[in-house]
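Undergrad: take a look and give me a structure for this.
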Amino acid sequence: MDDHTHDGDHDHHEGEVEGRVTSPMQEFSMGQVTTGFIITLIGLAVVFGLAFALA
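TA: Numbers count the residues shown, from 1 in each chain. Predicted coordinates:
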């Protein structure tokens with residue numbers, strides 16, 4: 001009952017270029033870093049602000 005053919009496990013495309021870049025390897029700008037930092041600060045302010053407000 002052991003089947004070693006896994007045709008549906010991986011999605012391989014014909015003509016796919018080797019050395020594909022994934023998200024953690026892509027470059028990002030300082031503007032994107034700043035936006036992420038501001039969103040993080042807003043999220044932390046909401047979470048801790050609600051906790052302190054309800055305490």
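
Undergrad: low-confidence bits of the protein, can you list those?
TA: Confidence mapping of the chain against pLDDT under 70 gives the ranges 1-18, 21-25.

Undergrad: please enumerate the helices of it.
TA: In the chain, the segments counted as helices under DSSP state H are 30-54.

Undergrad: can you report how many residues neighbour Thr34?
TA: 10 (other CB atoms under 10 Å). For every residue, glycine as well, the C-beta is placed using N, CA and C.

Undergrad: now swap in Gly36 and tell me
TA: Gly36 has 11 nearby residues by other CB under 10 Å.

Undergrad: equivalent analysis for Thr35, please.
TA: Using other CB under 10 Å: Thr35 sits among 12 other residues.

Undergrad: ok, it to Ala51 distance?
TA: When distances are taken as CB to CB, to the nearest Å, Thr35 and Ala51 turn out to be 25 Å apart.

Undergrad: separation between Val33 and Glu27?
TA: From Val33 to Glu27 the distance is 11 Å (CB to CB).

Undergrad: also Ile38?
TA: For Ile38, the distance to Glu27 - CB to CB - is 20 Å.

Undergrad: settle it for me: which of these two has more neighbours?
TA: Set side by side, Ile38 and Glu27 show more neighbours around Ile38, with 10 against 6, by other CB under 10 Å.

Undergrad: so what's that one up against?
TA: Counting by CB atoms under 8 Å, 6 or more residues apart in numbering, Ile38 touches no other residue.
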